[in-house]
Each structure stands twice: as structure tokens, then as C-alpha cells.
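In: curious how this folds, go ahead:
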Amino acid sequence: MKTVNRAFFTALCVSLGLFASGAVVAAGGGDVHLDSANINLRDEGSLQRGAKAFITNCLNCHNAQFMRWGHLTQIGLTEEQIKANLMFSPDTKFSDYMTTALDAKDAKSWFGAVPPDLTLVARVRGSDWIYTYLRTFYVDPKSPTGWNNEVFPNVGMPHVLHDMQGSLAKTVVGEKESHGKKENVTKLVVERKGTMSQQEYDMYVRDIVNYLTFMGEPASVKRAQIGVFVMLFLALAFFAALIVKREYWKDVK
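Out: Numbers count the residues shown, from 1 in each chain. Okay, here's the model as predicted:
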């Protein structure tokens with residue numbers, strides 16, 4: 001138990017460190033508008049699609065070491081569906097945590113750093129940040145990976161979804177004055193089309209973000225469901241109390 005708590009604390013500190021570094025980047029001139037992800041934790045279809053997309057694309061390099069496979073039943077999947085469609089390794093148990101098979105040493109050698117755990121990323125970064133991040137990769141020949149990102153400059157992660165989105169290029173479309181200095185105004189334009197339309201890709205990313213938000217706090221789905229019944233109960237209790245009050249006080253002038 002102490003080991004799990006220590007690991008959780010370490011991951012949280014790393015995540016907060018990443019958040020702080022992102023804030024510094026933003027303060028240094030990364031004034032990027034964040035698009036709204038419009039997530040909906042009641043949309044089980046979106047959560048299920050997002051889980052599949054996360055496992056297919058993200059779990060190859062990133063851990064989700066505080067999320068158990070069994071928690072996927074909270075988004076409407078059965079144990080049989082999870083084992084048949086999402087758990088690709090025969091050695092993985094239903095009660096196991098969702099971890100990557102990528103060796104940490106190999107990851108550091110290839111990417112320069114071990115990819116961060118994503119269990120809490122939505123709670124640390126926010127859903128809008130992730131949604132914008134996954135849609136604003138652009139080609140950068142100067143980058144070691146060949147890619148850069150609008151909301152996370154000099155990011156070490158390559159654009160793993162480029163086949164679906166296509167390739168974007170950053171072009172200068174004008175100038176603006178900031179703090180007495182002229183700065184280029186840039187825009188991302190499509191350089192090569194992907195297998196998805198922009199609308200399809202936006203929906204695909206939204207599903208991933210929806211799932212990441214759920215993964216950061218799996219109890220939130222059940223809490224939202226219970227909350228509806230609690231509000232109905234409170235409403236009924238209020239009207240019942242109002243009727244009782246009128247009955248008791250009807251003869252009092």
C-alpha cells in the first residue's frame with residue numbers, strides 16, 4: 001500500500017511539474033486560444049470509442065498506472081467485451097493496471113524522456129488543453145521528431161495521429177505589434193490530407209479527451225448518475241415539506 005501511495009504521489013508531482021512548465025511556456029509568449037472540448041461523461045458511446053482510441057494509440061508508450069482494466073465496466077462495457085476487444089495481451093489480468101509494454105530505457109533513448117503517465121493528465125492540464133494540443137501538431141524540420149505543437153512548443157512527442165489528421169504546416173499570414181515589438185501572426189494550414197475529414201478527426205480527439213477525463217476520476221460517471229436521483233429526491237422532499245408546512249399552519253393567523 002505504501003508503494004502504491006508513493007508511486008501515486010510521484011506521478012502527481014511529475015504531472016504538476018509538467019503543468020508548471022506549460023504555464024511558463026504560455027507566459028513566455030505562447031498565447032494560444034484553447035478550443036472547447038465539449039466533453040460529456042454521460043455519453044457512453046463516446047467514452048467507449050475514446051477508450052479504444054486511447055488503448056490503440058496512447059497505451060503503446062504511456063502508462064495509466066492508476067487505472068484498472070476493470071474500471072472500464074463503468075462506461076457500459078462488460079468484462080467479456082473488454083477482454084475480447086481491448087486487452088490484447090493474453091498475460092494481462094482483468095484486475096491489472098493499464099500499463100505499457102514499452103521499456104523505460106528504450107523510451108528515454110528514443111524520445112529523450114520517459115513518456116509521462118496519463119492517468120491524471122486531464123485533471124492537471126484540463127480537457128480543453130488536451131483537445132487543442134492533439135489538434136495543433138505541425139511539421140517542423142528543425143525538431144528531432146519532425147513535429148512541433150502550438151500549445152506545447154518543442155514537445156518531444158511525435159504526432160502519432162498524423163495518418164488520420166494529415167500534416168499541418170505553420171505559415172506566416174501577417175504581423176502584429178506586442179510590447180513595442182513586431183511579431184509574426186501565424187496560422188496552421190493543411191499540407192497533406194489524412195484519412196479523416198477535419199470534423200471526423202475533431203470527434204475522434206473529443207472521444208479520447210472524454211475518456212481521459214473519465215480516467216482521471218472514474219467515480220465521476222457514477223457520481224453524475226447518482227446526482228440526478230439525489231436532485232429528484234430533494235425536489236420531492238421539498239414539495240412534501242411544503243405541503244406539510246401548509247397543513248400545520250393553515251389554521252394559524
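In: C-alpha from now on. contacts and neighbour counts both.
Out: Will do.
In: how is this structure divided into domains?
Out: 2-135+197-217, 218-253 (automatic domain parsing).
In: could you tell me the least trusted of those domains?
Out: Of all the domains of the chain, the minimum mean pLDDT falls on domain 218-253 (a mean of 80).
In: quick check: longest helix of this protein.
Out: helix 219-249 (DSSP state H).
In: and it, how far out from the chain middle?
Out: Averaged C-alpha coordinates place helix 219-249 at 33 Å from its chain's average position (C-alpha atoms, centre = their mean, to the nearest Å).
In: rewinding a little: buried deepest among the domains of the chain, which one?
Out: When the domains of the chain are scored by mean count of other C-alpha atoms under 10 Å, the highest mean neighbour count falls to domain 2-135+197-217 (a mean of 17).
In: ranges for the strands of the stretch 1-150 of the chain?
Out: 64-68, 97-98, 137-139, 147-149 (DSSP state E, counting those that start in this stretch).
In: looking at the ones you listed, which is nearest to Trp129?
Out: strand 147-149 (11.9 Å; C-alpha to C-alpha).
In: who's in contact with stretch 193-203?
Out: 135, 162-167 (C-alpha atoms under 8 Å, 6 or more residues apart in numbering).
In: most neighbours among the residues you listed, which one is it?
Out: Gln165 (27 neighbours; other C-alpha atoms under 10 Å).
In: any idea how far the residue lying closest to it once chain neighbours are set aside lies from Ser167?
Out: Closest residue to Gln165 apart from its sequence neighbours, by C-alpha to C-alpha, 6 or more residues apart in numbering: Gly194 at 4.7 Å. Counting by C-alpha to C-alpha, to the nearest Å, the separation of Gly194 from Ser167 is 7 Å.
In: same deal with Gly227?
Out: On the measure of C-alpha to C-alpha, Gly227 and Ser167 end up 43 Å apart.
In: do the same with Asp128
Out: 21 Å.
In: what's the answer for His159, then?
Out: 9 Å.
In: so for Glu44, which of the strands of the stretch 1-150 of the chain sits nearest?
Out: strand 64-68 (17.7 Å).
In: just checking, what packs against the closest one?
Out: strand 97-98 (3 or more C-alpha pairs under 8 Å, 6 or more residues apart in numbering; DSSP states H and E).
In: by contact count, what packs against the strand it packs on?
Out: Using 3+ C-alpha pairs under 8 Å, 6+ apart, the elements in contact with strand 97-98 are strand 64-68.
In: the strand it packs on: how far from the chain's middle?
Out: Using C-alpha atoms, centre = their mean, the offset of strand 64-68 from its chain centre is 14 Å.
In: likewise for stretch 113-128?
Out: Going by C-alpha atoms, centre = their mean, where stretch 113-128 is centred and where its chain is centred differ by 7 Å.
In: contacts for that stretch, please.
Out: Residues contacting stretch 113-128 (C-alpha under 8 Å, 6+ apart): 11-12, 14-16, 19, 34-37, 39, 61-67, 104-105, 107-108, 130, 156, 209-210, 212-213, 215-216.
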